[in-house]
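Engineer: predicted coordinates and the sequence they were generated for:
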Amino acid sequence: MTTPSAGLLVDAFDRVAEVVEATVTGLDRTSLTWRPDPDANPIAWLVWHLTRVQDDHVADVAGAPQVWIEEGFVGRFGLALEPGDTGYGHTPAEVAAVTADADGLLAYHRAVHAATVRFVDGIVDKDLARIVDERWDPPVTLGVRLVSVIADDLQHAGQAAYLRGLLERQSGLAPSTR
């Protein structure tokens, strides 16, 4: 039986997935890599990055392998990056090198979302107090780490959705069904 805490976490991650789906669906590779400025992050990078961070952080706290590696997405994407790279600290040139098609981005995000939901759906309230990272003062609990991932994901998903809106205005692209 799902606890209220688990249900809340599933709902939050579902909301991220809904924004990702609405933003990416129907875009071609050119639209996914469009940048309104040379230093801006395109939709492909934003969605790849938010998914990589979720995959990395949730796998770590779940004691599970990353979907990126375990399910072969690292090879399917064929990016010239180390397998553990999540995009943190990327330069504009590194950001530009992250390209993907909509099907690949969505498949990876769906797989990470499914793994995330499997993990968080089993959480009970006392689990949220478990220390998962002692490198910080105060140490980071499971609850704080998951909220951090959700917050980061929602920021990047919102940025990607904003870029989709810019594309729709500038190119006459059909609006998404957000």
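Structural biologist: Right, received. Where do you want to start?
Engineer: from here on, just use CA atoms for contacts and neighbour counts.
Structural biologist: Noted.
Engineer: which stretches of this structure form helices?
Structural biologist: For the chain, the helices defined by DSSP state H occupy 4-24, 29-33, 43-62, 67-70, 73-77, 92-96, 102-120, 142-171.
Engineer: could I get those as a markdown table with mean neighbour count, mean pLDDT and distance to Pro83?
Structural biologist: Below are the helices of the chain laid out as a markdown table (neighbours: other CA atoms under 10 Å; pLDDT from 0 to 100; distance: least, CA to CA, whole Å):
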| stretch | mean neighbour count | mean pLDDT | distance to Pro83 |
| --- | --- | --- | --- |
| helix 4-24 | 19 | 97 | 22 |
| helix 29-33 | 19 | 96 | 21 |
| helix 43-62 | 23 | 98 | 10 |
| helix 67-70 | 17 | 98 | 7 |
| helix 73-77 | 15 | 97 | 6 |
| helix 92-96 | 15 | 95 | 14 |
| helix 102-120 | 19 | 98 | 14 |
| helix 142-171 | 18 | 96 | 20 |
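Engineer: so for Trp136, which of those helices sits nearest?
Structural biologist: Trp136 lies closest to helix 142-171 among the helices of the chain, at 11.5 Å (CA to CA).
Engineer: now do the closest one against helix 4-24, angle only.
Structural biologist: Helix 142-171 and helix 4-24 meet at an angle of 20 degrees, taking axes from the mean of the first three to the mean of the last three CA atoms, to 10 degrees as the criterion.
Engineer: thank you kindly, that will do.
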